[in-house]
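Chemist: show me how the following folds:
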Amino acid sequence: MKAPRALLLLPLLAACATLGGGRGDGGDDPAARTGLWDQAFDAYSRDSVRVAQAVFQRLAADYPRTHEGHEARYYLGVLSLDPRGNLDPRAADEHFGVYLADDSVRALGGIHRREAQSLRRLTQELRSPCGQRTGGVGCDTTVVSRTVTTPGDATPAEVARLQRQLRDRDARIRDLQAELERIRNTLAPRPSPR
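Modeler: Down below sits the predicted model:
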């Protein structure tokens, strides 16, 4: 599952590095538009996928004929494929479809056309039944089973050992989350439209 997740994040990372200048339609507030743009990327860099989706949705709704509003559609499609949020290939397909259709004459300066086309094909494959998918997009049919020990079966020493392991694991998870946040803050540039 890690390889598809990494493949989904690559276009987003490339987009963050290459996002260019905004082109307003004259009747909007560029400062508010830029503020929404920055807020959406800040939320995503803090792993607030749902907040980022909400802000990108507002940006797309309030400023649909601007570069930022148009690019927000692309990011809504990418975020719809993010397993940390509400994974929804149908919504992703719709967002990519709107993104590609709205800029058919390239007046909005959509810079993720190729990525959107590839991701849209992927979402369409994900929506297909397992038997109709192409070879590269298979279905995982692995069955996972586990043995559960009930507290009544465990000795007091076993319970104490399990509690110690749980505390150690929780401490390790907190340390790793802090390290991950530090790395994200170091690597995540704050893109801003020009």
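Chemist: show me what the helix or strand hosting Gln165 is packed up against.
Modeler: Per DSSP states H and E, Gln165 falls inside helix 156-187. Applying 3 or more Cβ pairs under 8 Å, 6 or more residues apart in numbering; DSSP states H and E, we find helix 156-187 packed against no helix or strand. (C-beta placed from N, C-alpha, C; glycine too.)
Chemist: chain center to that helix, what's the gap?
Modeler: On the basis of Cα atoms, centre = their mean, to the nearest Å, helix 156-187 sits 25 Å off its chain's mean C-alpha point.
Chemist: what of stretch 68-79?
Modeler: Relative to the centre of its chain, stretch 68-79 is centred 11 Å away, using Cα atoms, centre = their mean.
Chemist: for that stretch, output the C-alpha coordinates as CSV.
Modeler: The C-alpha trace of stretch 68-79 is given here as CSV (Å, rounded to 0.1, in the frame of the first residue of the first chain):
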residue,chain,number,x,y,z
GLU,A,68,-5.8,29.7,-7.7
GLY,A,69,-9.4,28.7,-7.9
HIS,A,70,-8.7,26.5,-10.8
GLU,A,71,-5.6,24.9,-9.2
ALA,A,72,-7.7,24.3,-6.1
ARG,A,73,-9.7,21.8,-8.2
TYR,A,74,-6.6,19.8,-8.9
TYR,A,75,-5.6,19.7,-5.2
LEU,A,76,-9.2,18.7,-4.2
GLY,A,77,-8.7,15.7,-6.5
VAL,A,78,-5.4,14.8,-5.0
LEU,A,79,-6.8,15.2,-1.5
